[in-house]
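**Q** Generate a structure from the sequence data that follows.
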Amino acid sequence: MITLLTDEIPSPIGGIILVTLSDGGEADTAPPLCAVEFDDCLDRLQRNLTARFEHYELLKVKNPGGHSNRMAAYLEGDVKAINALPVDSGGTEFQQKVWDALRRIPAGQTRQYGEMAKKLGRPAASRAVGAANGRNPLSIVVPCHRLIGSTGKLTGYAGGLKRKAWLLAHEGALAANS
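**A** Predicted coordinates:
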């Protein structure tokens, strides 16, 4: 059984739960985040953690690895505060490629699913990109909210389109007008 460290912070779009591996970091680095979810999406969080770890226990810890402070800084307007957070997302090789590519989209910008598929060298895989995006276990930190539909409309977000719109507006993205 693995122990996962968890903390919850308030935000303008609902409580945010951060889950951190209790080990796995270098001695001088913080252990990585393995999940970030909204507090009203606990079923999704539990499904993801069970699928990845099977048997785990959650240990509430204040600000594990300093991650909660960085998320709070992001929410207070420092949209780059979460860029360097260490993550361990699990997932398939393709999902990891999509999630890594998402982290390279700067705050204040968006990409379309098809555009992301092309960047990954799989131009016909926009639906697969969408599926990987929907399985992202690290909401906000792996910024799946920065992917939009081919028409520029906001589409799909596990936390809801209102949250997606808020996040994009918070970051100054032009696509936050849905």
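**Q** shaky segments in this protein?
**A** Where the chain drops to pLDDT under 70, the residues are 23-28, 174-178.
**Q** all helices in it, in order from the N-terminus.
**A** For the chain, helices defined by DSSP state H occupy the ranges 42-53, 67-75, 93-103, 113-119, 126-134, 161-171.
**Q** Tell me the buried residues in the fifth one?
**A** Spelled out, that is helix 126-134. 126, 128, 129, 130, 132, 133 (16 or more other C-beta atoms under 10 Å). Just so you know, the C-beta spots here come from the backbone N, C-alpha and C atoms, and that holds for glycine as well.
**Q** and what of stretch 100-111?
**A** Buried residues in stretch 100-111, counted by 16+ other C-beta under 10 Å: 101, 102, 103, 105, 107, 110, 111.
**Q** Could you tell me the end-to-end distance of it?
**A** End-to-end distance of stretch 100-111 (C-alpha to C-alpha, to the nearest Å): 14 Å.
**Q** again with stretch 59-77
**A** End-to-end distance (C-alpha to C-alpha), stretch 59-77: 29 Å.
**Q** will you turn the buried residues of stretch 100-111 into a markdown table that also has distance to residue 15?
**A** Listed next are those as a markdown table, based on distance: C-beta to C-beta, whole Å:
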| residue | distance to residue 15 |
| --- | --- |
| 101 | 28 |
| 102 | 23 |
| 103 | 23 |
| 105 | 25 |
| 107 | 22 |
| 110 | 25 |
| 111 | 28 |
